[in-house]
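Novice: Provided below for reference: sequence and predicted model.
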Amino acid sequence: MRRWVFVLSAFILAGMLLSGCGKKSASEYQEIIGENSSGGTTSGTSNNNTGTTDPASQQPAQISLMASKLTIKSNGTDSTELTVIASDSDNAAMAGEEISLKATGGLLSASQVVTDADGTAKFTFSAGAQKKNQVVTITASAGDLQKSIPITIVGTTLSLIATPTAVKKDVPDGITITGQALDANGKPIYGEDLVLTSAQGNTLSGMDQSGTPVSGNSITLTTDVNGSFQATFTGNATGEDTVTLEGLGSKKQVPLAVTNASSGFISPADGQSVQVGGTVSLVALWVDDQGNPLAGKALTFVASHGSFEGGNSSVVATTDETGKATVTYQADNIATPASILVTEDPSDSKAIQDTLSLSILASDPNRLDLQSSPTVLPPSIGDVSSTSTITAVVRDENNNLVQGQLVTFKILDGPGSGESIWPLVAVTDAYGQAKTTFTSGGTTSGQYKVKVQAVVDSSNGPFSDEVDLTVGREAARIVLGTTNRIEVISKDGIEVGYGLPITVLVTDNNGNPIPGQKVNLGIYPTQFRTGYWQETTDVEGKKTYVPIVTGVFANEDVNRNGILDPGEDSVIANNMLDPGNVGSIPSEVITDENGLASFEIVYAKSYGIWVDMEVSALTQVSGSETMARLDPVTLGWVYKEDGTPDLPVIDSPFGQ
């Protein structure tokens, strides 16, 4: 019987070899051959017949896991590259090993990778759709072997504002609370649940995601398309309270107070408008807990802008027998909201106080500036319309933005092929802007041969401005790109800054290069960050540094006019526009025979990591204008060959 099994096994094996069957593993051969003539099992042998091959020995003896950076931003576009290495007991690289991957959050580029000839496999990790600040653990597994590494996701910020900060007990209107969630690029985070809590059990109310009213001392609110929400705080328990906003791995708090007293401003109404340079009487009523007027009470009035009698920003007035104190406030010549505080004792935060907001408005236009975007647009074809937004900005003689002014728009010149403008009139908003839309006709115009005019009337007569547009077909395309190499710039032997290379490629509509083409360049800082560098240790135990971002803010120059307009100095309040012009580039470049041109963004080391720039390129071919933008371009920091940053690292110049 044994001999028959052996002969049959040999016959089957020979048949498999002759029929060209695929290569079998040792276990598969063993299953086919079965028992040998001596009653044992037959082991598979290597090609040189020098020994047996144990499949278990093919498993790696160790794996390692490394990351190009340990901290990434919560914007979903920033990522880190990870490398896993598999090796045997002799520390030799093992190819073809399947490595399973998993993460406790964020987004992996793959759930499984296979090592190459060097025993390595690479994959990437980003925050993905998750905007939460968190530490994510990434684990690589091969058989029973596991290796993990923590990656920190940062940059999401919460804001919380309460107006006013004190409220009388059981007043239905209460305090209005607004909040916002932004990712690492300062962009709104939509549809995220945030928890708002009163430490003292006062009532919070708002709307949930479905628009259903919710209330309680702790409520869950959902951010809208602007990343914002609004709630109301109603005082039930007198005393100091703290309202906390939590979510997305971040927390923000605001102190509030609830009082029994009904003292405060009774005139004018909160939010009343006052003309620049104008005056208004402010009346405050002071009573005891029973509502009886308090005569002879010295009250201090303090204004954020403007002045009181004598030109001072604060004044003391005494209540009369009816408990009223009256002062005259004069607005200054800056059209910006003013806040007026009245209190018994400005040095005591627990003293009874009230706040009044006044809207300071400019009303007499003295200038109108007109802009268009874009200035070159193609003809409208069929149902596809080409448009340009025309924006008029109205200011007074002190450069204040003027709200509520009627602006009239009209087309002065054009090819007469059906171009139009609508609306014909618009009213300036809080930013002094009135907008209309120009729609091109069916034919092209000469270069800057379309002329649009805007007019605003004032007591000084009408003021107007014009803007020129071009209706033409696109004859060129521009591509902007960056590199991962940064040049160190030295002055007198001292390393003072960095140069970040940018490449411009200009082609025609067929992709052919356009040599000798002049390209006009522009640069604008779009956002800046607060933060600091933190010393840490990488996976190999080497000391290094990582930037920790504590806040991301948009450029304070909202309308990009380079002027500190009212309300624009909103982040650091240093009477200047942040971040300012922190990088420079040449005004123009000329393309070579390949349609290529290059230049560098030059900036001081101190702005590396902390500022994002927008680079624009503009060129004209055959009278048509083409523009391209590259945004964001983060001003980088030089890293040495070992992956550590160029020392010394510099914390954000905008604060930590």
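Specialist: Structure received. Residues are numbered from 1 along each chain as shown.

Novice: now do I33, the pLDDT please.
Specialist: pLDDT for I33: 32.

Novice: what's the answer for Q403, then?
Specialist: Reading off the model, Q403 has pLDDT 86.

Novice: how about it, what does it touch?
Specialist: Q403 makes contact with A335, L361, A362, T428, D429, A430, G432, according to CB atoms under 8 Å, 6 or more residues apart in numbering. Glycine gets a C-beta too; all of them are placed from N, C-alpha and C.

Novice: which PyMOL command selects the buried ones in those residues?
Specialist: Per 16 or more other CB atoms under 10 Å, the buried members of the contacts of Q403 correspond to this PyMOL selection:
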select buried, resi 335+361+362+428+432
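
Novice: export the contacts of Q403 to JSON lines and tack on pLDDT, distance to V315 and secondary structure?
Specialist: What follows is the contacts of Q403, written out as JSON lines (pLDDT from 0 to 100; distance: CB to CB, whole Å; DSSP: H, G, I helix; E, B strand; the rest coil):
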{"residue": "A335", "pLDDT": "80", "distance to V315": "23", "secondary structure": "coil"}
{"residue": "L361", "pLDDT": "84", "distance to V315": "23", "secondary structure": "strand"}
{"residue": "A362", "pLDDT": "84", "distance to V315": "25", "secondary structure": "strand"}
{"residue": "T428", "pLDDT": "91", "distance to V315": "34", "secondary structure": "coil"}
{"residue": "D429", "pLDDT": "88", "distance to V315": "34", "secondary structure": "coil"}
{"residue": "A430", "pLDDT": "78", "distance to V315": "29", "secondary structure": "coil"}
{"residue": "G432", "pLDDT": "88", "distance to V315": "31", "secondary structure": "coil"}
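
Novice: V195: which of the contacts of Q403 is nearest?
Specialist: Using CB to CB, A430 comes nearest to V195 of the contacts of Q403, at 32.0 Å.

Novice: picking up where we left off before, got TSV for the contacts of Q403, with distance to D224 too?
Specialist: Formatted as TSV, these follow (distance: CB to CB, whole Å):
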residue	distance to D224
A335	29
L361	28
A362	31
T428	26
D429	20
A430	20
G432	26
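
Novice: pick out whichever of the contacts of Q403 sits closest to T443.
Specialist: Nearest to T443 among these, with distances taken as CB to CB, is T428, at 33.3 Å.

Novice: residues contacting the closest one?
Specialist: A392, V394, L401, V402, Q403, G404, Q405, V407, A434.

Novice: the last one contacts A426, doesn't it?
Specialist: What that stands for is A434. Yes. At 3.9 Å, A434 counts as touching A426 under the criterion of CB atoms under 8 Å.

Novice: where do the contact lists of these two overlap?
Specialist: Common neighbours of A434 and A426 (CB under 8 Å, 6+ apart) are A392, V407.

Novice: more neighbours: which of those two?
Specialist: A434 (25 against 20; other CB atoms under 10 Å).

Novice: packing partners for the helix or strand that one falls within?
Specialist: Assessed by DSSP states H and E, A434 sits inside strand 433-439. Contacts defined by 3 or more CB pairs under 8 Å, 6 or more residues apart in numbering; DSSP states H and E place strand 433-439 against strand 387-395, strand 406-413, strand 420-422, strand 425-427, strand 450-456.

Novice: what strands line up against it, and which way round?
Specialist: strand 387-395 (antiparallel), strand 420-422 (antiparallel) (DSSP bridges).

Novice: tell me which of those lies nearest to N217.
Specialist: That would be, of the strands paired with strand 433-439 and by CB to CB, strand 387-395, which comes in at 45.8 Å.

Novice: buried residues in the closest one?
Specialist: Under 16+ other CB under 10 Å, the buried positions of strand 387-395 are S388, I390, T391, A392, V393, V394, R395.

Novice: show me the beta-bridge partners of the third one.
Specialist: When assigned by DSSP bridges, T391 has beta-bridge partners Q371, K435.

Novice: run the chain-centre distance for the helix or strand hosting I340.
Specialist: Assessed by DSSP H and E, I340 sits inside strand 338-343. The chain centre lies 33 Å from the centre of strand 338-343; the measure is CA atoms, centre = their mean, to the nearest Å.

Novice: which residues sit in contact with the spatially closest residue to L285 that is not a sequence neighbour?
Specialist: Excluding its sequence neighbours, the residue lying closest to L285 (CB to CB, 6 or more residues apart in numbering) is I266, at 4.8 Å. Contacts for I266 were tallied using CB under 8 Å, 6+ apart; they are V283, A284, L285, K324.

Novice: show the end-to-end separation of stretch 214-221, please.
Specialist: Stretch 214-221 has an end-to-end distance of 9 Å (criterion: CA to CA, to the nearest Å).

Novice: cool, stretch 128-139 as well?
Specialist: Termini of stretch 128-139 sit 17 Å apart (CA to CA).

Novice: what's the spacing between the strand holding A434 and its chain's center?
Specialist: 27 Å.

Novice: quick one, longest strand in the protein?
Specialist: strand 518-537 (DSSP state E).

Novice: which strands or helices does the host helix or strand of I153 pack on?
Specialist: In the assignment (DSSP H and E), I153 maps to strand 145-154. Counting by 3+ CB pairs under 8 Å, 6+ apart, the packing neighbours recorded for strand 145-154 are strand 62-67, strand 71-73, strand 79-87, strand 134-142, strand 543-554.

Novice: any chance of these in a markdown table, plus distance to D592 and mean pLDDT?
Specialist: Output for the helices and strands packed on strand 145-154, formatted as a markdown table (distance: least, CB to CB, whole Å; pLDDT from 0 to 100):
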| stretch | distance to D592 | mean pLDDT |
| --- | --- | --- |
| strand 62-67 | 38 | 94 |
| strand 71-73 | 35 | 94 |
| strand 79-87 | 32 | 95 |
| strand 134-142 | 44 | 95 |
| strand 543-554 | 36 | 89 |
